[in-house]
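1. quick check, what structure comes out for this input:
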Amino acid sequence: MPKEIDGVTYYTVRFLNRDRSDLLGTCDVESGGDATALAPQPESYEGETFTGWSADITHVTEDMTVWPLYETQTFTVRFLNYAGTDVLSQQKVAYGEDAAAPTPERVQGHIFLCWNAPFKEVKSDLTIRPVYRTVPEKPTLNFYQRNADDTSGELIKSYGAVNACTIVQKLSGECTISVKLLTRQTQDFVTVENLLELDGLVFHITEVKKSISGGMCYTEMAGEHVSYLLNDDRYKVESFDMTGTPRDILAILLSGTPFTVGEVDAAEPVTLRINKEVTRRACVMQLTALAGCEIEYYGFTIGLRSHLGSLLPIDIMKVATVKDISYAYNVSEGTINYSLSLYRKGALQLGDELSIDFAPMRINAASRVVGIDWNPFNFKEVSITVGDYLPTLNDSLYELMTSVEDIRQTTSRYTVEFGELIGNGTFYFTRAYLDRPYFHIHTSDGSKGTVTLNKKDGSAFSAYVGATLSGVNTDTVTLVVFYCTVPDESIETTEVT
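-> Numbers count the residues shown, from 1 in each chain. This is a model prediction of the structure:
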C-alpha cells in the first residue's frame, strides 16, 4: 500500500532473488522516483551476467515486486585450418557448454591426430588448432606412447625394416595388422598400451609375443585399428535414441572419445535406437549401415562416405601386374568373388571400382575392391578381394519389449508414470527406462507446455529418468502421464529416488 509522509506519496519496492523464494530487500521510493540506487546487490552466478530487474524501477508509480534477470555468458571458439591461416569454424558457445569440432582438413602426406586444446565446458574465448603427423615417404614402423585420453603421444621407437608384416583392410570396417621383428634382445619398449603407425594408419597393439629361435630374438605383434578402442568397457552404451543427420548422430557417438568426425556424405535424417548394452563401435557401425555409407578412417577421424575409392572403373589387368587370379561362385547368395594377387599395390585403394577382363578364364566383369591385404615393406605381397558389398544392419541392438499400441493387452510389459505439477518443474520416474517414453499432458488453463525428457547424468547414452515441463504459467496445474515400456528383468536398471 502507498504511504503518505508530509503530503508525499511513497511506494514500496520488494526485491526477490532469482527463484523468487527469498526476499533480498525492500525500499520505499517517492512516487515517480528511481529505485535503482536503493536496490540490493543481486546474487552472482558463475557464467551468468546480471542484466537488470524484471520490471522498470526507474519510475516507480505503484508498489512493486521485482526479481533479477540474468544472461548466460557466451564465448567465441575458433577452429583453424592446418596452416593456421583460415578459420574452419567459428562458434558462439554458452558458458559451460561444449563446442562442436568441424571436420579437419585432409593434408597430403599427413594424418590428423587431435585438436591442440580441449573445447569441452567452454569458459573463455578459444582458438583451436589441428595437430597432424607426417607420414614417412618410405614405410616406417613407428611406436608411440598412448596418452591418458587414448590419443597418440611421444615417439618410442622406429623401424625401417621388418621380417614380416601384413595389413588387412575391408569395406566392412575391419582393419588389422600383424608384424614380426628381429630384435637383438627381448626388449620391453613395446606393450599392449602403445600405439603403432604405419602407411597412414593408426593401430593399438592387442598382442605381443617374444621368442628366441636359433639364437635370434623375435618380437611378434598383432594390432587393431585405433577405432577398435570404442569396444572398451568405458565406451559402452546402455541406451541411445536419436533422430538426426548422420553427422549429428556420429558427433554424439564420438563425444568423450579421442575421435573426431571426418567427412560425412549422407545428409538425410536417420533414427538410431539402442536399448541394450553394446559397444560404442557397434553403434557407429549400425549408424554406418542406416546411412547406407562405408566407414572411412583418416588418422583419428571417423567418416561416413557414400563410396570409398574410385567411382570410375579401373582396368586392373592393365594398371597392375596380376600374378594370380581366382574366383568363387556362391549359388545360395548368387554372388561371385574374385581374389587377385598383385605384384604391387600402387595407387589401388579400398573400394575402387574395377574392370576385370581375363580371356583365359573367360572373366569379363565389373566389381569392387572389398578387401586388401598388403605388406608395406614388400610391394610383391599384395592381394585383393573383389566382389559386392552392402552394409549390414544389426537387428538385435534394439529390442521392442512392448509397443504403446499394445497396452490394452493383459500380457503387455508396460507401466504408467503420472503426477501433477504446478507451474514449471521436473517430474521424476520411479525407475529408469531404456526406451523413450510416450507422454501426454493436460493443463488446467489450456496452455501448451513443452516436455523435455531427461536422461541419467544428462548423458545421451543413459536411461530416461524423468522429464521437465516448461512454457506454462506459474499457477498452471498440469497432469503429466508417461507410458513406459519395462526393460527385460535381466537388464539392470538404476532406481531413481
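
2. helix/strand/coil for Thr127?
-> Using DSSP: H, G, I helix; E, B strand; the rest coil, the secondary structure recorded for Thr127 is strand.

3. output the longest helix belonging to the chain.
-> helix 280-290 (DSSP state H).

4. return the list of helices and strands in contact with it.
-> Packing partners of helix 280-290 (3 or more Cβ pairs under 8 Å, 6 or more residues apart in numbering; DSSP states H and E): helix 246-254, strand 270-274, strand 294-298, strand 301-305. Where you see a C-beta, it was placed from the backbone N, CA and C, and this is true even at glycine.

5. which one, of those, ends up nearest to Asp28?
-> Smallest distance to Asp28 across these (Cβ to Cβ): 54.2 Å, for helix 246-254.

6. flag the shaky bits of the chain, pLDDT-wise.
-> For the chain, residues meeting the criterion pLDDT under 70 lie at 184-188, 332-335, 398-413, 487-497.

7. other residues contacting the longest helix of the chain?
-> Defining contact as Cβ atoms under 8 Å, 6 or more residues apart in numbering, one finds that helix 280-290 is touched by 173, 227-228, 230-231, 235-237, 240, 246, 249-250, 253-254, 257, 270-272, 274, 294-295, 302, 304, 391-394, 397.

8. between that helix and strand 294-298, how big is the angle?
-> Taking axes from the mean of the first three to the mean of the last three Cα atoms, to 10 degrees, helix 280-290 and strand 294-298 form an angle of 130 degrees between their directions.

9. and the helices and strands packed on helix 280-290 as CSV, adding distance to Val486?
-> Shown next, in CSV, are these (distance: least, Cβ to Cβ, whole Å):
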stretch, distance to Val486
helix 246-254, 26
strand 270-274, 17
strand 294-298, 35
strand 301-305, 34
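
10. Val131: which of the ones you listed is closest?
-> Shortest distance between Val131 and those, using Cβ to Cβ, is found for strand 301-305: 12.1 Å.

11. can you list the strands that the closest one pairs with?
-> Next to strand 301-305 in the sheet, as set by DSSP bridges, lie strand 260-264 (parallel), strand 294-298 (antiparallel).

12. for Ser355, find the nearest of those.
-> For Ser355, the closest of the strands paired with strand 301-305 is strand 294-298, at 20.3 Å, according to Cβ to Cβ.

13. and the contacts of the closest one?
-> Outside strand 294-298, the residues that touch it by Cβ under 8 Å, 6+ apart are 106, 111-112, 171, 173, 175, 201-202, 225, 227, 262-263, 284-285, 288, 302-308, 351, 389, 391.

14. any idea which element the closest residue to Tyr45 other than its chain neighbours lies in?
-> With Cβ to Cβ, 6 or more residues apart in numbering as the criterion, Tyr45 has its nearest non-adjacent residue at 6.2 Å, and that residue is Tyr70. Under the criterion of DSSP states H and E, Tyr70 resides in strand 68-72.

15. ok, Met447 - contacts?
-> Rather than Met, residue 447 is Ser. Going by Cβ under 8 Å, 6+ apart, Ser447 touches Gly471, Val472, Asn473, Thr476.

16. okay, now the third one: neighbour count?
-> Right, Asn473. If you count neighbours by other Cβ atoms under 10 Å, Asn473 ends up with 14.

17. so it sits against Gly423, correct?
-> Yes. Asn473 is in contact with Gly423 according to Cβ atoms under 8 Å; the separation is 6.9 Å.

18. distance of the closest residue to Glu154 other than its chain neighbours from Ala282?
-> Leaving aside its chain neighbours, Glu154 sits nearest to Gln145 (4.8 Å; criterion: Cβ to Cβ, 6+ apart). Going from Gln145 to Ala282 by Cβ to Cβ, to the nearest Å gives 28 Å.

19. same check, this time on Pro246
-> 16 Å.

20. more neighbours: the two, which one.
-> Ranked by neighbour count (other Cβ under 10 Å), Pro246 and Ala282 place Pro246 first, with 23 against 18.

21. what sits up against stretch 423-433?
-> 417, 419, 421, 437, 449, 454, 456, 462-476, 480, 482, 484-487, 493-496.

22. ignore what I typed, I meant stretch 163-179.
-> Under the contact criterion Cβ under 8 Å, 6+ apart, stretch 163-179 has outside partners 141, 162, 180-182, 196, 198-199, 201, 203, 218, 220-225, 227, 285, 288, 294-295, 297, 308, 350-351, 368, 370-378, 381, 385, 389, 392.

23. start to end distance for that stretch?
-> Distance across stretch 163-179, first residue to last, is 8 Å (Cα to Cα, to the nearest Å).

24. buried residues in it?
-> Judged by neighbour count (16 or more other Cβ atoms under 10 Å), stretch 163-179 contains these buried residues: Cys165, Thr166, Ile167, Gln169, Lys170, Leu171, Gly173, Cys175, Thr176, Ile177, Val179.

25. those residues in helices, which ones?
-> Among these, no member falls in helices (DSSP H).

26. and the furthest pair within the residues you listed?
-> Pairwise distances among the buried residues of stretch 163-179 were taken by Cβ to Cβ; the largest, 23.3 Å, belongs to Leu171 and Val179.

27. list the buried residues of the host helix or strand of Tyr338.
-> Counting by DSSP H and E, the element that carries Tyr338 is strand 335-342. The neighbour-count check on strand 335-342 (16+ other Cβ under 10 Å) flags Asn337, Tyr338, Ser339, Leu340, Ser341, Leu342 as buried.

28. please identify which pair of these lies farthest apart.
-> So, those by Cβ to Cβ: farthest apart are Asn337 and Leu342, at 16.2 Å.

29. which one among the buried residues of strand 335-342 gets closest to Ala83?
-> The nearest member of the buried residues of strand 335-342 to Ala83, counting by Cβ to Cβ, is Leu342 at 36.5 Å.

30. who does Leu155 bridge with?
-> Beta-bridge partners, per DSSP bridges, of Leu155: Tyr144.

31. that one reaches Tyr144, doesn't it?
-> Yes. Using Cβ under 8 Å, Leu155 is in contact with Tyr144, at 5.7 Å.

32. who has more neighbours, these two?
-> Tyr144 (20 against 12).

33. for the more buried one, what are its contacts?
-> Taking Cβ under 8 Å, 6+ apart as the criterion, Tyr144 is in contact with Ser152, Gly153, Glu154, Leu155, Ile156, Asn194, Leu195, Leu196, Glu197.

34. one more: Tyr11?
-> The contact partners of Tyr11, by Cβ under 8 Å, 6+ apart, come to Pro2, Lys3, Asp28, Val29, Ser31, Val60, Thr61, Glu62, Asp63, Met64.

35. format those as a markdown table; extra columns: secondary structure and neighbour count.
-> Converted to a markdown table, these look like this (DSSP: H, G, I helix; E, B strand; the rest coil; neighbours: other Cβ atoms under 10 Å):
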| residue | secondary structure | neighbour count |
| --- | --- | --- |
| Pro2 | coil | 12 |
| Lys3 | strand | 11 |
| Asp28 | strand | 16 |
| Val29 | strand | 22 |
| Ser31 | coil | 13 |
| Val60 | coil | 23 |
| Thr61 | coil | 13 |
| Glu62 | coil | 9 |
| Asp63 | coil | 15 |
| Met64 | strand | 18 |
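
36. Glu121: which of these is nearest?
-> Using Cβ to Cβ, the contacts of Tyr11 come closest to Glu121 at Met64, 37.9 Å.

37. the closest one contacts Val13, correct?
-> Yes. In this structure, Met64 is within contact of Val13 by Cβ under 8 Å, at 4.8 Å.

38. intersection of neighbour lists for the two?
-> Shared contacts of Met64 and Val13 (Cβ under 8 Å, 6+ apart): Ile57.

39. the strands in the stretch 101-250 of the chain, which residues?
-> Here the stretch 101-250 of the chain has its strands, by DSSP state E, counting those that start in this stretch, at 110-115, 126-128, 130-134, 141-146, 152-159, 164-170, 175-183, 195-198, 201-213, 216-225, 240-244.
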